[in-house]
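S.K.: Sharing a model that was predicted from the sequence below.
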Protein chains: 2
Amino acid sequence: MAIEKERPETERPDTFIRDADEAASGKSIRARFEKMIREAQDSICQAIEAADGGGKFKEDVWSRAGGGGGISRVLQDGGVWEKAGVNVSVVYGTMPPEAYRAAKGDNSATKAGHVPFFAAGISSVLHPKNPFAPTLHFNYRYFETDAPKGVEGAPRQWWFGGGTDLTPAYIFEEDVKHFHTVQKKACDKFDPEFYPKFKKWCDDYFVIKHRSERRGLGGIFFDDLNGYDQEMLLSFATECASSVIPAYIPIIERRKDTPFTDQHKEWQQLRRGRYIEFNLVYDRGTTFGLKTGGRIESILVSLPLTARWEYDHQPEEGSEEWKLLDACINPKEWI
Amino acid sequence: MAIEKERPETERPDTFIRDADEAASGKSIRARFEKMIREAQDSICQAIEAADGGGKFKEDVWSRAGGGGGISRVLQDGGVWEKAGVNVSVVYGTMPPEAYRAAKGDNSATKAGHVPFFAAGISSVLHPKNPFAPTLHFNYRYFETDAPKGVEGAPRQWWFGGGTDLTPAYIFEEDVKHFHTVQKKACDKFDPEFYPKFKKWCDDYFVIKHRSERRGLGGIFFDDLNGYDQEMLLSFATECASSVIPAYIPIIERRKDTPFTDQHKEWQQLRRGRYIEFNLVYDRGTTFGLKTGGRIESILVSLPLTARWEYDHQPEEGSEEWKLLDACINPKEWI
């Protein structure tokens, strides 16, 4: 896949949709998805700043000559958060015909050239300072391919992906329960099968394979989702994005000022090291972004400000650190 | 490729070579290479402990049921080094016939099953505390495949790989010059083409592609080396391993007690973050080890104790930090 190099912009445009008619009418799923993720970025950043009580987001706007662009917002070294990034992006690119055929699931359009694609998403990782306050990650994205040029009647493809997951260094049952309950409520509004299905998908996805452990305590995750009504999935993604604040901020309020020792901090730093291992070695969005020329600073804002690797660290059996590790190795039902 | 799970051992065996006759005679290249890397591990660990003036290496010995094993030594939180790992390993495994054919360079032995291989190596990363004292990495390895079973007359394959490279956070010209001069001297004893060739190979290998910068200031690197006399290459690898102490310890002695500020330390931590990006995303040994079930704690001992990622950090043009970054982007001739 190929995308162009980005350039900085001094002002936020109303939209990154490149087709003027499409942008003006605002009716396409792409235009409505962009509107949704930009509103979510605004409201979530506002809630984070309010809870942080001091830190302010720094904003970078960027665009690409061929269309598309993004808004990266980062709050660094705040009152509550060590590093909090909330990015939106709208990307136009091309993919090789093989990738298109794989997405399409058949081999009919074999003579096509590179296939234009559109991808829009909101992506965020929030790393607090206090070792008892969990890291949160969420990402909601919409993907569309044009029909290949010169192949009449070839279908467009579209799909939704995303999820929200929680990564604490220490387990507070009520926090994890609250978090998963909010995810389940959002899912249940659309399909009773969503929560169990997407909870398992999340547990299966965030595995650090070389350690046979997950990076955290999960949540929901889905990808390549197109087997449902498109309007329904747009509403579902919107509901999930709206659930980020009620799922996360109450936990932060409870834990942000909890007293802690150097040992608690070191364990948090070791878990941050595991977070980095997952993101750099396995995370599809990160590895895809690094290899296709995405905006590096936006992609790697997911990494914590600081992390730690000790040789052969083993928490004592039965300790609070051990309990967290056990739950990362053997995923639990929290509700 | 497949290798078995390792098990801890309470004592160091005299050799990890599994064939008793081969081990007893000690004449094979494999047996002599193992002896060389184990002696290098002893002498280098001794020199590190002496320079550290307090820290002691912790040793873990491990073996595999089918033969082979290793000795991992780690000094953590010493007087001079934050984390210093010096490992040797001897591995017996099998590779798919495609990998063997690729190594062999022709397609004659097509009906073969999995091909047994032997790999032995010493690998080390030394991360000092003082931001003016550089990180050192070196690795020397010998690789051999058996002839595939049932394919008479199929040739064995063998090759050497390795290198030594320096990663400072700040440039002291005399240090980098001294380091490269020692590498060149080791190379020049064998072939005047070695240093320029392996210096360039090193500059080309340690690139963090998504940033278009190298992790450090290079040294020498070579891989798949078999186009020379096997005895000569064994001597060359021995010479390179013997050059580690004279190349590195004088630099450490000069820099280990240099006063520094929090800002110097933060820059060192940012460069350690880049080191992690290279190792987890690009380094062949690391990514190969993570995917084939190598001993995780031995593989990841290369990661520094602590590291840092700031959003969009840009050193001021002309500053000492900028000079280092510039040399990582545009590799220089140091001698």
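M.R.: Nice, I can see it.
S.K.: what about residue A:5, which SS state?
M.R.: Look at residue A:5: counting by DSSP: H, G, I helix; E, B strand; the rest coil, its state is coil.
S.K.: Now that we're looking at residue A:10, what pLDDT does it have?
M.R.: Predicted confidence (pLDDT) for residue A:10: 94.
S.K.: helix or strand for the nearest residue to it once chain neighbours are set aside, which one?
M.R.: Excluding the flanking residues, the one nearest residue A:10 by Cβ to Cβ, 6 or more residues apart in numbering or on different chains is residue A:61, at 7.4 Å. No exception for glycine: its C-beta is placed from N, CA and C like everyone else's. Using DSSP states H and E, residue A:61 sits within strand A:58-63.
S.K.: Only alpha carbons, please: show that strand as CSV.
M.R.: Taking Å, rounded to 0.1, in the frame of the first residue of the first chain, the C-alpha atoms of strand A:58-63 are listed here in CSV:
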residue,chain,number,x,y,z
LYS,A,58,-1.1,20.3,21.8
GLU,A,59,-2.7,20.0,18.4
ASP,A,60,-1.0,19.2,15.1
VAL,A,61,-3.0,19.4,11.9
TRP,A,62,-1.6,17.8,8.7
SER,A,63,-2.7,17.0,5.2
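S.K.: So which residues make contact with that strand?
M.R.: With contact meaning Cβ atoms under 8 Å, 6 or more residues apart in numbering or on different chains, strand A:58-63 is reached by A:6-13, A:16, A:69-76, A:295, A:297-298, B:311-312.
S.K.: So for that strand, what gets flagged as buried?
M.R.: Residues of strand A:58-63 classed as buried: A:60-63 (neighbour count, 16 or more other Cβ atoms under 10 Å in any protein chain shown).
S.K.: ditto for stretch A:268-279
M.R.: Buried, per 16+ other Cβ under 10 Å, within stretch A:268-279: A:268-279.
S.K.: Give me the contacts around that stretch.
M.R.: So stretch A:268-279 is in contact with A:127, A:131, A:135, A:167, A:169, A:206, A:208, A:210-211, A:213, A:215-216, A:286, A:302-304, A:306-310, A:313, A:324, B:276, B:280, B:300, B:303, B:306, going by Cβ under 8 Å, 6+ apart.
S.K.: Around chain B, pick out the residues from the stretch 151-300 of chain A.
M.R.: A:209-211, A:269, A:273, A:276-277, A:280-281, A:287, A:290-291, A:296-297, A:300 (Cβ under 8 Å from any Cβ of the partner chain).
S.K.: Show me where the stretch 51-200 of chain A dips below the pLDDT cut-off.
M.R.: Applying pLDDT under 70 to the stretch 51-200 of chain A flags the ranges A:97-112, A:148-155.
S.K.: where exactly do the strands run in the stretch 201-335 of chain A?
M.R.: A:207-208, A:213-214, A:219-225, A:306-308 (DSSP state E, counting those that start in this stretch).
S.K.: any idea which of the ones you listed is most buried?
M.R.: strand A:306-308 (a mean of 23; mean count of other Cβ atoms under 10 Å in any protein chain shown).
S.K.: Contacts for it next, please.
M.R.: Contacts for strand A:306-308 (Cβ under 8 Å, 6+ apart): A:82, A:266, A:269-270, A:272-273, A:275-276, B:269, B:305-309.
S.K.: what's the closest of those to residue B:320?
M.R.: residue B:269 (15.4 Å; Cβ to Cβ).
S.K.: show me what contacts the residue most central in space within chain A?
M.R.: Among the residues of chain A, the one closest to the centroid is residue A:139, at 2.4 Å (Cα atoms, centre = their mean). Residues in contact with residue A:139 (Cβ under 8 Å, 6+ apart) are A:121-124, A:161-163, A:285.
S.K.: taking those residues one by one, which sit in strands?
M.R.: Judged by DSSP state E, the subset of the contacts of residue A:139 located in strands is A:121-124, A:161-163.
S.K.: farthest pair in those?
M.R.: Using Cβ to Cβ, the pair of the ones in strands among the contacts of residue A:139 lying farthest apart is A:124 and A:161, separated by 14.6 Å.
S.K.: Compare the two (neighbour count), which wins?
M.R.: Neighbour tally, residue A:124 and residue A:161, criterion other Cβ atoms under 10 Å in any protein chain shown: the higher count belongs to residue A:124, 25 against 20.
S.K.: ok, that one to residue A:138 distance?
M.R.: Distance of residue A:124 to residue A:138, given as Cβ to Cβ, to the nearest Å: 5 Å.
S.K.: Likewise for residue A:123?
M.R.: 8 Å.
S.K.: go on, residue A:206?
M.R.: 13 Å.
S.K.: Mutual contacts of those two, please.
M.R.: Contacts common to residue A:206 and residue A:138, judged by Cβ under 8 Å, 6+ apart, are residue A:165.
S.K.: do you know how far the residue lying closest to residue A:239 once chain neighbours are set aside is from residue B:182?
M.R.: Nearest non-adjacent residue to residue A:239, counting by Cβ to Cβ, 6+ apart: residue A:186, 4.8 Å away. Applying Cβ to Cβ, the value for residue A:186 to residue B:182 is 62 Å.
S.K.: and what of residue A:257?
M.R.: Distance from residue A:257 to residue B:182, by Cβ to Cβ: 54 Å.
S.K.: Between these two, which is the more surrounded one?
M.R.: The neighbour comparison of residue A:257 against residue B:182 (other Cβ under 10 Å) goes to residue B:182, with 20 against 12.
S.K.: Assess the claim that residue A:303 and residue B:311 are in contact.
M.R.: No - Residue A:303 is beyond contact range of residue B:311, at 9.4 Å (criterion: Cβ atoms under 8 Å).
S.K.: How are the helices of the stretch 151-300 of chain A distributed by residue range?
M.R.: For the stretch 151-300 of chain A, the helices defined by DSSP state H, counting those that start in this stretch occupy A:173-188, A:194-205, A:230-242, A:244-255, A:262-281, A:284-292, A:296-299.
S.K.: mean pLDDT lowest for which of the ones you listed?
M.R.: helix A:284-292 (a mean of 85).
S.K.: on that earlier part again, kindly indicate which of the contacts of residue A:139 lies nearest residue A:54.
M.R.: Once Cβ to Cβ is applied, the member of these that ends up nearest residue A:54 is residue A:124, at 19.4 Å.
S.K.: Next one: the nearest residue to that closest one once chain neighbours are set aside from residue B:30, what distance?
M.R.: Nearest residue to residue A:124, sequence neighbours excluded (Cβ to Cβ, 6+ apart): residue A:86, at 4.4 Å. Distance from residue A:86 to residue B:30, counting by Cβ to Cβ: 55 Å.
S.K.: Same question for residue A:253.
M.R.: In terms of Cβ to Cβ, residue A:253 sits 62 Å off from residue B:30.
S.K.: Likewise for residue A:181?
M.R.: Residue A:181 is 59 Å from residue B:30, by Cβ to Cβ.
S.K.: what about those two, which has more around it?
M.R.: residue B:30 (22 against 14).
S.K.: which element is the more buried one on?
M.R.: helix B:29-52.
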